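Chemist: Need coordinates for the below:
(one chain, ligands or ions: 1)
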Amino acid sequence: MQISVKKCDAAVGAQIVFDLSRPLDAATFAALEAAFHDNIVVFFRDQQLSEEQHIAFSRRFGELEIHIVKKYLLPGYPEILLVSNVKNEAGEHIGLADAGFTWHSDVSYREFPSRCSLLYAKEVPHAPDGDPLGDTVFANCIAAYDALPETMKRRVAGLKAIHRYSSRRRVDNSPRPRLTAAQLAETPDVAHPVVRTHPVTRRKAIYVTAGECVGIVVPNGGAMPEDEALGLIAELDAHCVKPQFCYRHRWQVGDLVMWDNASAMHLAICDYALPQRRLMHRTTVIGDRPT
Ligand code: SIN
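Modeler: Below you'll find the predicted structure:
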């Protein structure tokens with residue numbers, strides 16, 4: 001089966017024209033996977049996927065993560081995390097209402113972080129003039145690494161950053177429940193290379209986020225002084241999210257967007273509020289230990 005790939009006019013991203021509800025033979029899947037690796041963020045418009053089809057397509061890329069915040073898993077489909085500002089009759093959010101409000105790479109706090117995430121738009125908020133709200137911005141951390149001065153490339157070589165889930169910056173009045181003692185115990189600190197090499201393309205990407213990284217381990221195993229470490233993390237994070245490395249996705253209902261968490265960070269823009277409703281279904285594929 002033929003797929004058509006149209007690159008976005010940005011540092012990252014492409015639209016793939018393909019109906020994901022159709023059977024996917026090995027050759028077509030290989031073409032999709034190659035386009036995904038090439039473009040880092042790919043999107044498919046006008047999809048009509050059942051939960052089973054969303055999960056089945058995601059599973060082609062690997063084992064699925066069951067998100068630690070169990071409250072927001074879709075009933076009957078624990079592989080699907082609800083990302084939503086919608087509330088139920090009891091006035092409680094039905095999904096993570098502040099997912100992605102700071103720059104991050106999904107599940108970087110795990111020893112085996114996510115390979116990729118697949119977000120499927122069920123409801124998209126709109127401004128009174130009809131423009132969509134709640135965009136997602138993606139930063140190409142490979143291009144950002146490539147653009148670093150050689151002195152900085154040498155400085156960060158061999159460093160590891162400590163990722164801590166519980167330190168993820170919360171937005172003001174975050175509706176997200178505090179992590180329980182069991183959830184905290186399930187997410188110990190983990191150190192990943194500040195510059196990781198993609199397991200398939202072998203390209204190097206910056207892999208730190210100011211919202212979640214709390215320190216740096218130097219090659220002999222010691223800790224970099226805290227001020228220096230946080231300064232370096234902030235500098236790298238700010239460098240990655242420069243406009244020249246970013247693509248901003250404007251959502252339409254029926255979009256399925258998938259992104260490579262080993263090569264990109266993302267940020268959800270919160271420029272909407274109820275009664276403007278946003279409802280997304282996310283699957284998250286487990287990846288390799290970063291090297
Ligand atoms: C996420 O970080 O997975 C959510 C992104 C979004 O809702 O746009």
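Chemist: Enumerate every residue touching Ala147.
Modeler: Residues in contact with Ala147 (CB atoms under 8 Å, 6 or more residues apart in numbering) are 239, 245. To be clear about C-beta, it is placed using only N, CA and C from the backbone, and glycine gets the same treatment.
Chemist: Over to whichever residue of the stretch 101-250 of the chain sits closest to the ligand: give its phi and psi.
Modeler: At 3.6 Å from the ligand, Thr136 is the closest residue in the stretch 101-250 of the chain, using CB to the nearest ligand atom. Torsion angles at Thr136 (phi, psi; degrees, to the nearest 10) stand at phi -120, psi 130.
Chemist: likewise Met280?
Modeler: The phi/psi pair for Met280 (degrees, to the nearest 10) is phi -130, psi 150.
Chemist: Burial check on Pro75, number of neighbours?
Modeler: 8 (other CB atoms under 10 Å).
Chemist: what do you get for Ala223?
Modeler: Neighbours of Ala223 (other CB under 10 Å): 12.
Chemist: now do Gln252
Modeler: 12.
Chemist: Wait, a helix at it?
Modeler: No: counting by DSSP: H, G, I helix; E, B strand; the rest coil, Gln252 falls outside a helix, being coil.
Chemist: got the contact list for it?
Modeler: Here Gln252 is in contact with 45-46, 121, 124, 132 (criterion: CB under 8 Å, 6+ apart).
Chemist: hey, where'd the helices end up in the stretch 1-150 of the chain?
Modeler: 26-39, 51-59, 141-146, 150-156 (DSSP state H, counting those that start in this stretch).
Chemist: now the ones you listed in TSV, with mean pLDDT?
Modeler: Below are those laid out as TSV (pLDDT from 0 to 100):
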stretch	mean pLDDT
helix 26-39	96
helix 51-59	98
helix 141-146	98
helix 150-156	98
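Chemist: Deepest-packed of these, please.
Modeler: helix 141-146 (a mean of 23; mean count of other CB atoms under 10 Å).
Chemist: And that one, what does it pack against?
Modeler: On a contact count with 3 or more CB pairs under 8 Å, 6 or more residues apart in numbering; DSSP states H and E, helix 141-146 meets strand 204-206, helix 226-240.
Chemist: Mind listing the strands the first one pairs with, and their directions?
Modeler: Okay, so that is strand 204-206. strand 195-197 (antiparallel) (DSSP bridges).
Chemist: got the buried residues for the strand it pairs with?
Modeler: 195-196 (16 or more other CB atoms under 10 Å).
Chemist: returning to that earlier point: adding distance to the ligand, write the helices of the stretch 1-150 of the chain out as a markdown table.
Modeler: A markdown table is the format used below for the helices of the stretch 1-150 of the chain (distance: least, CB to the nearest ligand atom, whole Å):
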| stretch | distance to the ligand |
| --- | --- |
| helix 26-39 | 17 |
| helix 51-59 | 13 |
| helix 141-146 | 15 |
| helix 150-156 | 25 |
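Chemist: quick one, which of those helices is nearest to His163?
Modeler: His163 lies closest, by CB to CB, to one member of the helices of the stretch 1-150 of the chain: helix 141-146, at 14.5 Å.
Chemist: Identify the residues contacting that closest one?
Modeler: By CB under 8 Å, 6+ apart, helix 141-146 touches 11-12, 40, 105, 153, 195, 198, 203-207, 239-240, 242, 244-245, 263-265.
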